[in-house]
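Q: Pasting a predicted model and its sequence here:
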Amino acid sequence: MDNRTDVLVIGGGATGTGIARDLALRGVDVTLAERDGLSAGTSGRSHGLLHSGARYAEADKPEARACLEESQILKEIAGVCVRDTRGLFVQLSEDDPDYFEAKRAACEEVGISTTVVDDETARAAVSDLSGDVERAMWVPDGVILPSRLVAANAADARDHGARILTHAPVTGMNREDGRITEVHLGGEVDETIAPTYVVNAAGPYAASIADQVGASVDLHPTRGVMVSVEYDELEPVLNRCRDPDDGDIIVPHDDEVVLGTTSVPVDDPEEYEEADWEIERSVEECAKMLPAVADAAHVRTWWGVRPLYEPEEAALDERGISRGFHLLDHADEGVGNFATIVGGKLTTYRKMAEATADLVCDRLEIEADCETATRQLPGADDPERVDEFVAEFDGQGPTDADLVGN
């Protein structure tokens, strides 16, 4: 087998598969390698919120605008991979009313549509909403099914010539004369790839991948817990209208809701504590918005690790680090055919992929435009077909395990 490829993408989450799809649609020869099944990392272990940008509107306007733009694109191209549920930011009696006003004003400035309603109107929409809710604000949030989204991107990349290799961990890389010449893949693949260019989209593992060729990625990873409980009467996403904190998001599914999340620094994305206090705090705080979840039966619990990048602010509280993405060209470190993409949100994966594909095409002197903002994902109107992609790529993550295949 010819082991040469124009671009090797390392990492099979939303960003990695999004990059593979983008490049394949531009006619680039792409190979993607994922250490496990697709969605095994951050993408498939998230809370699955399709951000309107409202959560970041007052603190990070560029990221809020990116979320707004990308959420609108995903609602057009992703079909059954997303759900347009809307979102409700709620102010409790203990919350600062000035923060609510600042959030509303910031959303208006960014262009995020809002509708402020009183407590009675909010409870008419969400019958079990806490009596402590004083007012609320509708925003265009939604829900992402990451297993479907990632698999659909991979399938489209595959259909346009890309090789998608799962259970293919990177076991070593050779660097000669300032370039990566070979990448060794283990696991079920056991193959050596000779790439012209390498993209590191390995999420929380990006630093260890870069280290293999003497490059650096200054990650500040944090873990967060998600708790899915039985509850079938919630339609919109609920957000607590306060400074981001533990247990301030409730994401609706069909017969469950996902409660989250915490933010705790970790040193190793592979080995970290899964603390009971995180579960207890998330449930306790979410129950202040929706009391019924306090006693609801727990269905499953999982942790995800966020690949946050902010070397200059590493000493800050982890919730203060920007959720924007960072595209690192390691030519500055003497590795001329290597780039890393880190940070960002699941909602903005397509924009991250486009920026990365633009860089790669520039380096390879390929003139081709991005098509992913207007081209529907395969199976967008056919859930059974997309779920077949999930099974094909071993792409089932815990976030949407109750929805995919049902």
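A: Everything's here; your move. Model, not experiment: these values are computed from the prediction.
Q: what about the strands in the stretch 251-400 of the chain?
A: Along the stretch 251-400 of the chain, the stretches classed as strands by DSSP state E, counting those that start in this stretch are 256-260, 264-265, 298-306, 325-329, 338-343.
Q: Quick one: closest of these to Val386.
A: For Val386, the closest of the strands of the stretch 251-400 of the chain is strand 256-260, at 19.9 Å, according to Cβ to Cβ. Every residue, glycine included, has its C-beta placed from N, CA and C.
Q: and the closest one, how far out from the chain's middle?
A: Centroid separation for strand 256-260 versus its chain: 16 Å, with Cα atoms, centre = their mean, to the nearest Å.
Q: Describe which strands that strand pairs with in its sheet and in which direction.
A: strand 222-230 (antiparallel), strand 249-252 (antiparallel) (DSSP bridges).
Q: follow-up on the earlier one: and the strands of the stretch 251-400 of the chain: which comes nearest Gly187?
A: Of all the strands of the stretch 251-400 of the chain, strand 298-306 comes closest under Cβ to Cβ, at 20.6 Å.
Q: Distance of the residue nearest to Val227 when sequence neighbours are not counted relative to Asp402?
A: Ranked by Cβ to Cβ, 6 or more residues apart in numbering and with sequence neighbours excluded, the top spatial neighbour of Val227 is Leu259, at 4.5 Å. Applying Cβ to Cβ, to the nearest Å, the value for Leu259 to Asp402 is 14 Å.
Q: overlap in contacts of these two?
A: Common contacts of Leu259 and Asp402, defined by Cβ atoms under 8 Å, 6 or more residues apart in numbering, comprise Ser228.
Q: Between those two, which is the more surrounded one?
A: Ranked by neighbour count (other Cβ atoms under 10 Å), Leu259 and Asp402 place Leu259 first, with 31 against 17.
Q: which ones are touching that one?
A: Leu259 makes contacts with Met226, Val227, Ser228, Val229, Gly247, Ile249, Ile250, Ser282, Val283, Cys286, Val293, as judged by Cβ under 8 Å, 6+ apart.
Q: Ok, His330 next?
A: Ala210, Val213, Ala215, Gly336, Phe338, Ala339, Thr340.
Q: And it, what's its pLDDT?
A: Reading off the confidence values, His330 has pLDDT 98.
Q: Show me the residue at the heart of this protein, geometrically.
A: Geometric centre of the chain, nearest residue: Leu346, 2.2 Å, by Cα atoms, centre = their mean.
Q: can you redo the strands paired with strand 256-260 as CSV with distance to Ala380, mean pLDDT and mean neighbour count?
A: Output for the strands paired with strand 256-260, formatted as CSV (distance: least, Cβ to Cβ, whole Å; pLDDT from 0 to 100; neighbours: other Cβ atoms under 10 Å):
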stretch, distance to Ala380, mean pLDDT, mean neighbour count
strand 222-230, 25, 97, 23
strand 249-252, 21, 98, 27
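Q: As a markdown table, those strands with distance to Ala206 would be great.
A: Putting the strands paired with strand 256-260 into a markdown table (distance: least, Cβ to Cβ, whole Å) gives the following:
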| stretch | distance to Ala206 |
| --- | --- |
| strand 222-230 | 14 |
| strand 249-252 | 25 |
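Q: before we move on, the earlier item: roughly how far does the residue nearest to Val227 sit from Gly397?
A: 17 Å.
Q: Show me where this protein has its helices.
A: Under the criterion DSSP state H, the chain contains helices at 14-25, 61-77, 97-110, 119-125, 146-159, 206-211, 276-287, 349-363, 383-392.
Q: Quick one: distance of the third one to the chain centre.
A: Spelled out, it's helix 97-110. For helix 97-110, the separation from the chain centroid amounts to 25 Å (computed by Cα atoms, centre = their mean).
Q: Pull out the buried positions in that helix.
A: By 16 or more other Cβ atoms under 10 Å, the buried positions in helix 97-110 come out as Phe100, Lys103, Arg104, Ala106, Cys107, Val110.
Q: Among those, which one sits closest to Asp22?
A: Among the buried residues of helix 97-110, Val110 lies closest to Asp22 (Cβ to Cβ), at 25.7 Å.
Q: isn't the closest one right up against Ala57?
A: Yes: between Val110 and Ala57 there is a contact at 5.2 Å, judged by Cβ atoms under 8 Å.
Q: intersection of neighbour lists for the two?
A: With Cβ under 8 Å, 6+ apart as the test, Val110 and Ala57 both reach Ala64.
Q: Please name the residues that touch the nearest residue to Gly224 once chain neighbours are set aside.
A: What sits nearest to Gly224 in space, not counting adjacent residues and going by Cβ to Cβ, 6+ apart, is Thr261, at 3.8 Å. By Cβ under 8 Å, 6+ apart, Thr261 lies in contact with His47, Gly224, Val225, Met226, Asp246, Gly247, Ile249, Ser282, Gly304.
Q: One more: Ala102?
A: Residues counted as contacts of Ala102 (Cβ under 8 Å, 6+ apart) are Glu58.
Q: For Arg163, find the nearest of the strands paired with strand 256-260.
A: Closest among these, using Cβ to Cβ: strand 222-230, at 31.9 Å.
Q: Let me know the angle separating that closest one from strand 298-306.
A: Our comparison of strand 222-230 with strand 298-306, counting by axes from the mean of the first three to the mean of the last three Cα atoms, to 10 degrees, yields an angle of 160 degrees.
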